[in-house]
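Visitor: I would like the atomic coordinates for the input below:
(2 chains)
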Amino acid sequence: MKEDYLYKYSENNLDPKIEDPLPRIEQIFGSLQIVTTAPTSTPITFGQHFVLYTDSLSSPTVYRLYIYFPKLNSWHYVALT
Amino acid sequence: MATKIFQLKGSDWLKGYSADKYFPLGGIFRYATRFDPFRQMGYLAPSIAPTQYGGSTIDTTIKWLTNFSASGTGYFYGQSDTELYQINAITGSTSDVTSSITVSTKVYGALVWRNKYVYSIGNGSSSQKIYSAALPVSGATEILSVSNYGYENVMCVGADGNLYITNGKDIAKCILESGTTGNSGAVYSLETGQISRDLVNDGTYLVIISDNNTDKTLGKNRCSVSFWDMSKGTVDRRWDIDDSYLIGAEIIDGIIYIVGRDGLYACNFSNAPRLVFPFNGNSTIISSPSSASQVVKYKNSILFADSGSGAVYAFGSLLPNQNKVMYQPIGSLSGNVTAISYNGYNTWTATDTPALYNHTFGNTYNTLDMRLAPIILDQPFKFCFAKCVLQSKLSSGQGIDFRLASADGNGVISDLISISYDSNNARQVIMFEPKPNGFGNDVLSFEEMIPFISLYGGACLERLEIWADPVDPLNTTL
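Guide: Numbers count the residues shown, from 1 in each chain, chains lettered A, B, ... in the order given. Below is the predicted model of the structure:
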């Protein structure tokens, strides 16, 4: 005969323990890269797919947003005002 | 020699309802009626008895309860199909203010938005309109006419500050609270056949709760949770749930809890819905609310009515880092619950009696009835006694019942014993000796046990102990 007969409940609970592992765009910090030479390298991270371009950091007159097209392996841009 | 085989105390009382009535799964109670474990933590303590208000004024069934403030005083509106009642949230004083707004034959939803009381009325077949009225109400202005008749217009303020409204298969949007300009009955349309049931703002998305079960029959239907950015023509994510139909949702701790006919689910943008608690089969709770007006956020819990009785259940915890449990803080109301309101301090319910109840003001207490899910033991025992330690000595009007059963409640280990307050011997510690019932279903040794306890008059149980003698398994007497 054992000494301790005290009943113990199994440990289980209903809490779903839901986490939020996927980052949302609202949670991304940091600025886009600004360059004065048109990009040519192949980006790796998501943020590297978007590059701001200007002809001069001191007295800019040209503003562009460069976007990398993965399947085409090429950069394209739109002019900004 | 008697040995202690079972004990409940302290945090055990926070374990909530079991998800299965034959096995303690995710909780320990088969039922624990009128018990909010977070009102007086650490005790099996009955909830405050309801107090009825507006008895002579409220003569139609309230379907929507909506909180608001005016001139530094908290109020709420209770709207029935044909009448509007204004209730002081502190005193409970009630007045009929129907003459101050426009009403029809049915009410389909209500919410306070941009300091206006916004509500939906119609006749169910050929007219359904959204009105807004200043707070407190004094005349109403039509802000939208919807064309899907007979569906509830459940309202939610989106992350963009605009008002979104369920409208059958469509989502309506109001950008103006004082007129119809720019307001639309369909800024987003669900898949054909889907009906929007409730809306939730998750901080980024408007979360649309919907299903394709027009008649709300039981069975497997495609129920959906869609995350819409309030801009594009498509949703960014859509989770499907196999349930009969969905009813309402609230966000707790960043998790969207969805009440369906067949279960309570949890999900968010990144996690597919998971069943948290079933409402069918061997579950301890087998019914659910009938409208989103019966699903509200209550502290750190989601509160929802049992449409088939005067009971309200809750799932949650006091603080976010505690395990969430299922409990029943409100029960045995006269009539079925039709609407719930919680304003941060007070809980109110409306029933189809019709009646309006407050569950915070009173100083009398409900009777608490508790039955544990079966406790399956390692070997047979013979019952010696149960020891119940109360929070304090029984006082006038207080009492405690105890009985111990086996065989799914049919075998009598010890029959019902009631102990009431005795002015000559007020007790805090009560011993329950074995009591046979003599009708042939007495159990001399038991392999499983089911304690039953009732508490009266506000008595609070601190600790329950069950003591028994181990019995040689070879000499078990059935």
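Visitor: quick one: secondary structure of B:Ser293?
Guide: At B:Ser293 the chain is in helix, as set by DSSP: H, G, I helix; E, B strand; the rest coil.
Visitor: Next up, the contacts around it.
Guide: Neighbour list for B:Ser293: B:63-65, B:109, B:154, B:248, B:338-340 [criterion: C-beta atoms under 8 Å, 6 or more residues apart in numbering or on different chains]. Where C-beta positions appear, they are placed from N, C-alpha and C, glycine not excepted.
Visitor: Okay, now the unreliable bits of the chain?
Guide: Picked chain A for this. Along chain A, the model assigns pLDDT under 70 to residues A:1-3, A:20-22.
Visitor: you looked at the wrong chain, it should be chain B
Guide: When residues are selected by pLDDT under 70, those of chain B lie in B:475-478.
Visitor: can you list the residues of it near chain A?
Guide: Chain B comes close to chain A at residues B:3-7, B:15-16, B:19, B:24-28, B:204, B:254-255, B:266-271, B:274, B:276-277, B:315, B:323-326, B:375, B:377-378, B:381, B:468, B:470, as judged by C-beta under 8 Å from any C-beta of the partner chain.
Visitor: Assess the claim that A:Asn13 and B:Pro24 are in contact.
Guide: No. Taking C-beta atoms under 8 Å as the definition, A:Asn13 is not a contact partner of B:Pro24, at 11.2 Å.
Visitor: So those two - more neighbours on which side?
Guide: Between A:Asn13 and B:Pro24, B:Pro24 has the larger neighbour count (other C-beta atoms under 10 Å in any protein chain shown), namely 22 against 15.
Visitor: hang on, the earlier thing: ok, the contacts of B:Ser293 vs chain A, which is closest?
Guide: Comparing the contacts of B:Ser293 against chain A with C-beta to the nearest C-beta places B:Gly248 closest, at 17.9 Å.
Visitor: which phi and psi does the residue nearest to B:Ser317 when sequence neighbours are not counted have?
Guide: Using C-beta to C-beta, 6 or more residues apart in numbering or on different chains and skipping the chain neighbours, the partner closest in space to B:Ser317 is B:Lys324 (4.8 Å). The phi and psi values for B:Lys324, taken as degrees, to the nearest 10, are phi -80, psi 140.
Visitor: What sits closest to B:Tyr379 if chain neighbours are left out?
Guide: Tyr isn't right for residue B:379; it's Gln. Excluding its sequence neighbours, the residue lying closest to B:Gln379 (C-beta to C-beta, 6+ apart) is B:Pro473, at 5.6 Å.
Visitor: burial count for that neighbour?
Guide: Using other C-beta under 10 Å, B:Pro473 is surrounded by 11 other residues.
Visitor: Give me the contact list for the helix or strand harbouring A:His76.
Guide: Secondary structure assigned from DSSP states H and E places A:His76 in strand A:74-80. Strand A:74-80 has contacts (C-beta under 8 Å, 6+ apart) with A:38-40, A:51, A:53, A:62-69.
Visitor: Need these in JSON lines (columns: secondary structure).
Guide: Output for these, formatted as JSON lines (three-state DSSP):
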{"residue": "A:Ala38", "secondary structure": "coil"}
{"residue": "A:Pro39", "secondary structure": "coil"}
{"residue": "A:Thr40", "secondary structure": "coil"}
{"residue": "A:Val51", "secondary structure": "strand"}
{"residue": "A:Tyr53", "secondary structure": "strand"}
{"residue": "A:Val62", "secondary structure": "coil"}
{"residue": "A:Tyr63", "secondary structure": "strand"}
{"residue": "A:Arg64", "secondary structure": "strand"}
{"residue": "A:Leu65", "secondary structure": "strand"}
{"residue": "A:Tyr66", "secondary structure": "strand"}
{"residue": "A:Ile67", "secondary structure": "strand"}
{"residue": "A:Tyr68", "secondary structure": "strand"}
{"residue": "A:Phe69", "secondary structure": "strand"}
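Visitor: which of those residues sit farthest apart?
Guide: A:Val62 and A:Phe69 (21.2 Å; C-beta to C-beta).
Visitor: Could I get the buried residue list for the strand holding A:His76?
Guide: The neighbour-count check on strand A:74-80 (16 or more other C-beta atoms under 10 Å in any protein chain shown) flags A:Trp75 as buried.
Visitor: swap in stretch B:243-258?
Guide: Within stretch B:243-258, the residues scored as buried using 16+ other C-beta under 10 Å are B:243-253, B:255-258.
Visitor: Show me what the residue nearest to B:Val97 when sequence neighbours are not counted is bridged to.
Guide: Spatially, and ignoring its direct neighbours in sequence, B:Val97 is nearest to B:Gln86 (4.7 Å; C-beta to C-beta, 6+ apart). On the basis of DSSP bridges, B:Gln86 is bridged to B:Tyr77, B:Ser95.
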